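Engineer: Need coordinates for the below:
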Amino acid sequence: MRILVLGSGGREHALVEALSRSPHRPTLYAMPGNPGMAALAELVPGDMMEVSFVSSVCLARSIDLVVIGPEGPLAAGIADVLRNQGISVFGPGADGARLETSKDYAKQFMQQYDIPTAGYQTVTSYEEMLQAYRLPIVIKADGLAGGKGVYIPQSKPEYDRLAGDLFIKHSLGKSADRVLLEELLIGPEISFFYLLNGTDYLYVGNARDHKRAFDGDQGPNTGGMGAFTPVELTSQDEDEIDAIIQKTVNGLQSEGIDYRGVLFIGCMKTTEGLKVLEYNVRFGDPETQALQERWNDQLTDWLESAATGKPFAEAKLADKAAVCLVVCSKGYPGNILSDQDIELNDLSGVKLFHAGTARRNNRLVNQGGRVFDLVASADHIEQACRLVYDKAVQIQFNGCWYRHDIGR
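Structural biologist: Alright, predicted model coming up:
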């Protein structure tokens, strides 16, 4: 089997590593990939958002399966175009991707199919948002925001400033068309991951990530500073998430959406039970980097079944815990200090996934805000935490930093 993975981050590196463990020994390609993937896959330089180029690569290399990592190509409908050309794709089409690309659509979907979620109001202008002021509130930009489009203002001046940032100052690169004002839910978050093949679904684990930049969950939201798996569930939790995924799949089928890919359901455990915060239509980053430790050698079979509509083989998750620590560049999540030489020392007993690195004249340097994902597994979360932090000091570059309380 010949598999092309689209993406260049730590999530895609983790997927490539997990796919490489398959007993089928697939031939792997990554577009555009990163230096860490080069030991496992042939890197294909080029723009993964250019569907004609992706298609030509698939044809030239006789690709059997395309695995789409980030949300951008999914939102652009690249899965639809490739499927119409007879290429098997792991990743939903643009209709299914709307569950992530439009939070307003996702909320309407949840209401339509009786899926528990926070109450909300959608506003479409600066003036309407000012008139809707209330606290406490969660503010969400409607479209894709790279994990950074969620705000919880603490005062009216802050609320008013956010209204201006979203509708006038284009803080996310463009003026918002719609903004969601959501009821503030209280409780711990749990992310659940399912694979869908158009008719059925397969549970492949849960995780919890740390979004805030600094220790103690302080500072701005980021793309994720670390994650751990599993999160302990009660029997009530299990019953509630079973009902949520079944209602979601039934809703997709009622909408006529042939969903073939991963569905990542972000929930909050409230005093009233699990409530859905959001849907994501791709694997989580950095959750995937921790989750892959529990997947053994099954990922290739799972993704092929999802893409082709075949029945899923039973998921046999390894009975262990894993922690992922994100190692960052100075300045992240703002302007970063890049192009710094990287030194990697003894990393035995852990896995290192590249997320923001590049080769410059035979030098390995940082080029992104999140540079590496360091992953350790053990029998218990506490043991995995100790191991990942013992090894983190072996990663060295100017400005290197990370949180010190992931998984604790």
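Engineer: give the contact list for residue 180.
Structural biologist: Contacts here follow CB atoms under 8 Å, 6 or more residues apart in numbering; on that basis residue 180 touches 103-104, 107, 120-122, 139-140, 142. In this view, the C-beta of every residue, glycine as well, is placed from N, C-alpha and C.
Engineer: one more time with 6 Å
Structural biologist: With CB atoms under 6 Å, 6 or more residues apart in numbering as the criterion, the residues that contact residue 180 are 103, 120, 122, 140.
Engineer: If you rank the residues you listed by neighbours, which is first?
Structural biologist: By neighbour count, taken as other CB atoms under 10 Å, the most surrounded of those turns out to be residue 103 (27 neighbours).
Engineer: Surely residue 359 is within a helix?
Structural biologist: No. Assignment of residue 359 by DSSP: H, G, I helix; E, B strand; the rest coil gives strand, placing it outside any helix.
Engineer: Surely it and residue 34 touch.
Structural biologist: No. Counting by CB atoms under 6 Å, residue 359 stays clear of residue 34, with 9.4 Å between them.
Engineer: So for those two, which residue has more residues nearby?
Structural biologist: Neighbour tally, residue 359 and residue 34, criterion other CB under 10 Å: the higher count belongs to residue 34, 24 against 12.
Engineer: Against residue 12, how distant is that one?
Structural biologist: For residue 34, the distance to residue 12 (CB to CB, to the nearest Å) stands at 8 Å.
Engineer: among the contacts of residue 180, which are in helices?
Structural biologist: residue 103 (DSSP state H).
Engineer: Columns distance to residue 183 and pLDDT on top of the contacts of residue 180, output as CSV?
Structural biologist: Formatted as CSV, the contacts of residue 180 follow (distance: CB to CB, whole Å; pLDDT from 0 to 100):
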residue, distance to residue 183, pLDDT
103, 14, 93
120, 7, 96
122, 13, 95
140, 12, 91
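Engineer: Could you work out the most separated pair of the contacts of residue 180?
Structural biologist: 122 and 140 (9.8 Å; CB to CB).
Engineer: show me where pLDDT drops low in the stretch 101-250 of the chain?
Structural biologist: Within the stretch 101-250 of the chain, the stretches with pLDDT under 70 are 145-148, 170-175.
Engineer: Could you rerun that using 50?
Structural biologist: For the stretch 101-250 of the chain, no stretch has pLDDT under 50.
Engineer: now the strands for it?
Structural biologist: Listed in chain order, the strands found in the stretch 101-250 of the chain under DSSP state E, counting those that start in this stretch are 120-123, 138-141, 150-151, 179-182, 189-197, 201-209, 212-214, 218-221, 226-229.
Engineer: What pairs with the fifth one, parallel or antiparallel?
Structural biologist: It refers to strand 189-197. The pairing partners recorded for strand 189-197 under DSSP bridges are strand 201-209 (antiparallel), strand 260-270 (antiparallel).
Engineer: Can you add mean neighbour count and distance to residue 331 and give these back as JSON lines?
Structural biologist: As requested, these are arranged in JSON lines below (neighbours: other CB atoms under 10 Å; distance: least, CB to CB, whole Å):
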{"stretch": "strand 201-209", "mean neighbour count": "21", "distance to residue 331": "21"}
{"stretch": "strand 260-270", "mean neighbour count": "21", "distance to residue 331": "27"}
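Engineer: any chance of those strands in a markdown table, plus distance to residue 396?
Structural biologist: Putting those into a markdown table (distance: least, CB to CB, whole Å) gives the following:
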| stretch | distance to residue 396 |
| --- | --- |
| strand 201-209 | 25 |
| strand 260-270 | 33 |
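Engineer: right, so of those, which gets closest to residue 135?
Structural biologist: Go through those one by one with CB to CB and the one that ends up closest to residue 135 is strand 260-270, at 18.5 Å.
Engineer: Report the secondary structure state of the most centrally placed residue in the chain.
Structural biologist: For the chain, the residue sitting closest to the mean C-alpha position, by CA atoms, centre = their mean, is residue 284 at 2.1 Å. With three-state DSSP as the basis, the three-state label of residue 284 is coil.
Engineer: Also residue 296?
Structural biologist: Under three-state DSSP, residue 296 falls in the coil class.
Engineer: residues near it, how many?
Structural biologist: The burial count assigned to residue 296 is 14, neighbours taken as other CB under 10 Å.
Engineer: The closest residue to it other than its chain neighbours: neighbour count?
Structural biologist: In space, residue 296 comes closest to residue 318 once its chain neighbours are excluded; the distance is 5.7 Å by CB to CB, 6 or more residues apart in numbering. Under the neighbour criterion other CB under 10 Å, residue 318 is assigned a count of 12.
Engineer: Pull up the gap between residue 318 and residue 18, please.
Structural biologist: 12 Å.
Engineer: residues in contact with residue 321?
Structural biologist: Contact analysis of residue 321 by CB under 6 Å, 6+ apart lists 380-381, 384.
Engineer: Off-centre distance for stretch 291-309?
Structural biologist: Average the C-alpha atoms of stretch 291-309, do the same for its chain, and the two points are 16 Å apart (CA atoms, centre = their mean, to the nearest Å).
Engineer: List the buried residues of the helix or strand in which residue 306 is found.
Structural biologist: Counting by DSSP states H and E, the element that carries residue 306 is helix 299-308. Taking 16 or more other CB atoms under 10 Å as the basis for neighbour counts, the residues of helix 299-308 that come out buried are 299-300, 302-307.
Engineer: Stretch 365-383 too?
Structural biologist: Buried residues in stretch 365-383, defined by neighbour count with 16+ other CB under 10 Å: 365-378, 381.
Engineer: same question, stretch 13-22
Structural biologist: Under the neighbour-count criterion of 16+ other CB under 10 Å, stretch 13-22 has 13-20, 22 buried.
Engineer: follow-up on the earlier one: helices or strands next to the helix holding residue 306 in the packing?
Structural biologist: The elements that helix 299-308 packs onto, with contact taken as 3 or more CB pairs under 6 Å, 6 or more residues apart in numbering; DSSP states H and E, are helix 10-20, strand 65-68, strand 88-90, strand 189-197.
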